[in-house]
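Enquirer: Below: sequence and its predicted model.
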Amino acid sequence: MIKVVIVDDSKLIRMILNEIISAAPDMQVVGEAEDPLEARDLIKSLNPDVLTLDIEMPKMDGITFLKNLMRLRPMPVVMLSTLTAEGAPITLEALSIGAVDFLEKPKVDVKESLGKYADVLVEKIRAAAGARLSQIIRSRKRAQQSDAAPAATGDFKKNHLIAIGASTGGTEAIKEVVINLPANFCPIVVTQHIPPVFSKTYAERLNKVCKMTVHEASHGQVIEPGHIYIAPGDKHLTVLKRGSKLLCQLDDSEPVNRHKPAVDVLFDSIAKYMGKYSSGVILTGMGADGAKGLLRLKESGAYTITQDENSSVVYGMPRAAKELGAGNEELPLDKIAKRLMELATRSI
């Protein structure tokens, strides 16, 4: 039984969350708190498996509390956020501090959406309960050390494209992979499961710490070396070859594997146009999105990599890919960037 403590200053929100979580057969709400100071005492006495934490609360904001929690008593946390442009930086900061995942606060006046919301909330809590918190902490430390590390340089293939797919735990995992790639590295296209207003903020945050230039991908944008293209949170990202150029294409079709953007959609487009001139990577995340696409990439001649279990925050997508035999190689997170550089370096 997964023991959950709910931390939110709204009595109505706590009631809704309690009702949803208590209805799950494998979960139990063991406590509720209306502010972080009350939550601190509940955590000590109840020893919960997962915490749902509101970002904005009285007495102490969620970010400050999360920093203290990860320093003194690390545990899986799902942040409840307002999915707005204003809320995006704070939520992404929470993920960088150590939160496993985040979810929009329930809309109490839209009853018809609560059923779908309940399914997502329960799925995220379940994934958080099984998340490897030690990996989140290690990844944070490595990213901090990497900030000041010099980027290697090299003579890279001019016609090589790298594709990365990720979900839960992916925002920080992607950062760890790309943060020290050199400014002249092969172009990278990325699909991370993320809400619409967050993808632009995420790209901007990455761009501040990477040697490569990071964009939220736009329709028709030319794909060039030294650049990383992040799929917008409400569109599928695909790659189109037109003459000698590669272009980003944004697709507003239905979700695939319940996701938009979907990793499979990106990988399939690259398998069609690039084949052996590409590399594909599946990183941490729940579910199986990207597994079949990675297999099709491999079958087209691409070199494919799956993140290993020990370094994944949630070993769902990499496991699904491994079980399909979709990866040429399985690597820990901190070895993937080096391997990509080897694959992209020109043969002498």
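Expert: Cool, got the structure.

Enquirer: For the helix ranked longest in the chain, give me every contacting residue.
Expert: Ranked by residue count under DSSP state H, the longest helix found in the chain is helix 114-129. For helix 114-129, the external contacting residues (Cβ atoms under 8 Å, 6 or more residues apart in numbering) are 2, 4, 16-17, 20-21, 23-24, 26-27, 49-50, 52, 76-78, 100-101, 103-104, 106-107, 168, 286, 314, 316. (Each C-beta comes from the backbone N, C-alpha and C, glycine too.)

Enquirer: Please read off the pLDDT at the residue nearest to residue 309 when sequence neighbours are not counted from the model.
Expert: Of all residues beyond its chain neighbours, the one nearest residue 309 is residue 315 (4.5 Å), with distances taken as Cβ to Cβ, 6 or more residues apart in numbering. The predicted structure scores residue 315 at 96 on the pLDDT scale.

Enquirer: For the stretch 101-250 of the chain, which segments count as helices?
Expert: 114-129, 133-146, 170-178, 196-209 (DSSP state H, counting those that start in this stretch).

Enquirer: Can you report how many residues lie near residue 159?
Expert: Residue 159 sits with 11 neighbouring residues when counted by other Cβ atoms under 10 Å.

Enquirer: Same check on the one 10 residues further on?
Expert: For residue 169, the number of neighbouring residues by other Cβ under 10 Å comes to 29.

Enquirer: any idea how far it is from residue 257?
Expert: Note on residue 169: its distance to residue 257, by Cβ to Cβ, to the nearest Å, is 17 Å.

Enquirer: still on that earlier bit, now a ChimeraX select for only the buried ones of the contacts of helix 114-129.
Expert: In ChimeraX, selecting the buried portion of these, with burial taken from 16 or more other Cβ atoms under 10 Å, looks like this:
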select :2,4,16,17,20,21,24,27,49,50,52,76,77,78,100,101,103,104,106,168,286,314,316
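
Enquirer: Cross the contacts of helix 114-129 against helices and list the overlap.
Expert: Secondary structure from DSSP H places 16-17, 20-21, 23 of the contacts of helix 114-129 in helices.

Enquirer: Output those in a markdown table, with distance to residue 263 and pLDDT appended to each entry.
Expert: Conversion of the ones in helices among the contacts of helix 114-129 to a markdown table gives the following (distance: Cβ to Cβ, whole Å; pLDDT from 0 to 100):
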| residue | distance to residue 263 | pLDDT |
| --- | --- | --- |
| 16 | 31 | 93 |
| 17 | 29 | 95 |
| 20 | 27 | 96 |
| 21 | 28 | 97 |
| 23 | 30 | 96 |
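
Enquirer: Can you tell me the SS state at residue 340?
Expert: The three-state label given to residue 340 by DSSP: H, G, I helix; E, B strand; the rest coil is helix.

Enquirer: let me fix that: residue 31
Expert: Per three-state DSSP, the local secondary structure of residue 31 is strand.

Enquirer: what sits against it?
Expert: Applying Cβ under 8 Å, 6+ apart, we find residue 31 in contact with 5-6, 42, 46, 48.
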